[in-house]
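# build me a structure from this.
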Amino acid sequence: MHFDVATLTGLIGQTFRQPAAVASEIVKLRLPHAVGWMALGVVTIATVIIISIERLIPGRPEMISDLGGNPFFDALFLGAMTVVFIFVLYYAGLAMGGKGTFGATLLIMTWFQTIVLVLVIVQMLAVLLVPSIATLVSLAGFGLQLWCLMHFLNVLHDFNSLGKAFGLFALSIIGFVFGLSFILLMVGGAALVGGPV
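Here you go, the predicted structure:
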């Protein structure tokens, strides 16, 4: 698979039409983990930049994609969320009898974040051009994200069942909350230890 602009654009369009087919191609890739982490970092930063720009638009409605407001902490938060989610999806998937590898999970979630980035850009354009439907576009984008993710997880772990993929997603949300809470607790504890007495 060649990663030029034309190929990426075609894959994005195909993802919305045939998410399972694209996921099948992604899990076949054998890229070093370092490449996956680097790509995830780039996509995460790009997403935060677009959301930060969108916030500057006067009169914009509240969006599902909204983060905290500080680009630096938004990038750290979104990155931490995605990393925790990757580990949870991998281990929870194995616990449910899935066959996905960690490398494939990393690549699948990196591509999912790429799709999220595209939808955030569409959302920003809607805010600029047709503000009256921006909230509807945001909701539709959220639905598309779930649609793609269910197919991605189904293919990743070879479940052959979207219901089982949804079960993994629900279980992963619980694990994600516990994992992220642990990270925040550790960060908060470190801040207290290192802070003024």
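# for the protein, just list every one of the strands.
Here the chain has no strands by DSSP state E.
# which residues in it form helices?
Assigned by DSSP state H, the helices in the chain fall at 5-17, 19-27, 33-55, 71-95, 102-129, 134-156, 162-194.
# what is the burial count for S181?
The number of residues packed near S181 is 11, by other C-beta atoms under 10 Å. No exception for glycine: its C-beta is placed from N, CA and C like everyone else's.
# next one: L117
Summarising burial for L117: neighbours were counted as other C-beta under 10 Å, giving 21.
# what residue is smack in the middle of this protein?
The geometric centre of the chain, computed from its C-alpha atoms, lies nearest to Q113 (C-alpha atoms, centre = their mean), at 3.6 Å.
# OK, contacts around the nearest residue to that one once chain neighbours are set aside?
Taking C-beta to C-beta, 6 or more residues apart in numbering as the measure, Q113 lies nearest to V43, with 4.6 Å between them; neighbours along the chain are not counted. By C-beta atoms under 8 Å, 6 or more residues apart in numbering, V43 lies in contact with 110, 113-114, 117.
# how does it look with 10 Å?
Under the criterion of C-beta atoms under 10 Å, 6 or more residues apart in numbering, the neighbours of V43 are 78-79, 82, 109-117.
# quick check, nearest of those to G98?
Distance ranking of the contacts of V43 against G98, using C-beta to C-beta, places M109 first at 14.2 Å.
# quick check: closest non-adjacent residue to that closest one.
Nearest residue to M109, sequence neighbours excluded (C-beta to C-beta, 6+ apart): I86, at 5.0 Å.
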